[in-house]
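Colleague: Here's my sequence, what's the structure:
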Amino acid sequence: MNVEPLVSDEHLVQLAQNGQKNAYNVLLGRYNQKIQHIMYLYTGDHANAHDLTQEVLLKVYRYLKDFKEDSRFSTWLYKITQNTIKNHFRSLSQRIDSETQFANEYVMPINHSPEHQLINIEFGEQIESALLRLSDELRVCYGRHIFDGKTYEDIAKEMNCPIGTVRSRIFRARKLLMSFVRQ
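Modeller: Next up is the predicted model:
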């Protein structure tokens, strides 16, 4: 079956839940780059971002049959992405804690590095907090582009402002989010 790219996410979800593999491919093709971008924002590493994106796509494939239309597909997908990020850093933190414990017991004690302290922060709360610290204009532009997949042009029309303003707001939002997450 050939699935048109203009078909709604909800319709693609229904088709995919009914076994249409092409619908699943089109649906995830819409979000693959966004997920990778989000993962890169939080990991700063292309290889990790790629691996985590694949993990998200596998989870979506595995659990799509359980998706209820209580929320939008993009919201559900973002929640899976957010939980995957949390789990990644929790796992990384546990591994580092284990290595630190070993080092403390068998090697001379080390000071906690800034990286170690950052990893131990509850990452999900930090992400949510960072998003909430953005002004409404920056958060709306960033969210509409990253999470809803809107083009700069679409956002400019919706917000009744020049496209350059949208570009600037999204750029500033990215910079601020990175600085908030690193604090």
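
Colleague: so the nearest residue to His50 once chain neighbours are set aside is in which element?
Modeller: Counting by Cβ to Cβ, 6 or more residues apart in numbering, the nearest residue to His50 once its immediate chain neighbours are dropped is Gln36, at 6.6 Å. In short, each C-beta sits where N, CA and C put it, glycine included. Take DSSP states H and E as the rule and Gln36 turns out to sit in helix 21-43.

Colleague: Tell me which helix or strand comes right after that helix.
Modeller: Defined by DSSP H and E, the subsequent element after helix 21-43 is helix 46-63.

Colleague: Centroid-nearest residue for this protein?
Modeller: Computing the C-alpha centroid of the chain and ranking residues by Cα atoms, centre = their mean puts Ile38 first, at 3.9 Å.

Colleague: quick one, phi psi at the residue nearest to that one when sequence neighbours are not counted?
Modeller: Excluding the flanking residues, the one nearest Ile38 by Cβ to Cβ, 6+ apart is Thr81, at 5.8 Å. In terms of degrees, to the nearest 10, the main-chain angles of Thr81 are phi -60, psi -50.

Colleague: Check the gap between Thr81 and Glu158 for me.
Modeller: Note on Thr81: its distance to Glu158, by Cβ to Cβ, to the nearest Å, is 23 Å.

Colleague: Compare the two and say which one has the larger neighbour count.
Modeller: Thr81 (23 against 13; other Cβ atoms under 10 Å).

Colleague: who are the neighbours in contact with the residue nearest to the centre of the chain?
Modeller: Going by Cβ atoms under 8 Å, 6 or more residues apart in numbering, Ile38 touches 81, 85, 146.

Colleague: For Asp9, see how far away the nearest residue to the last one once chain neighbours are set aside is.
Modeller: Once flanking residues are discounted, Ile146 sits nearest to Lys34: 5.9 Å by Cβ to Cβ, 6+ apart. Look at Lys34 and Asp9: by Cβ to Cβ, they are 13 Å apart.

Colleague: Many thanks, have a good one.
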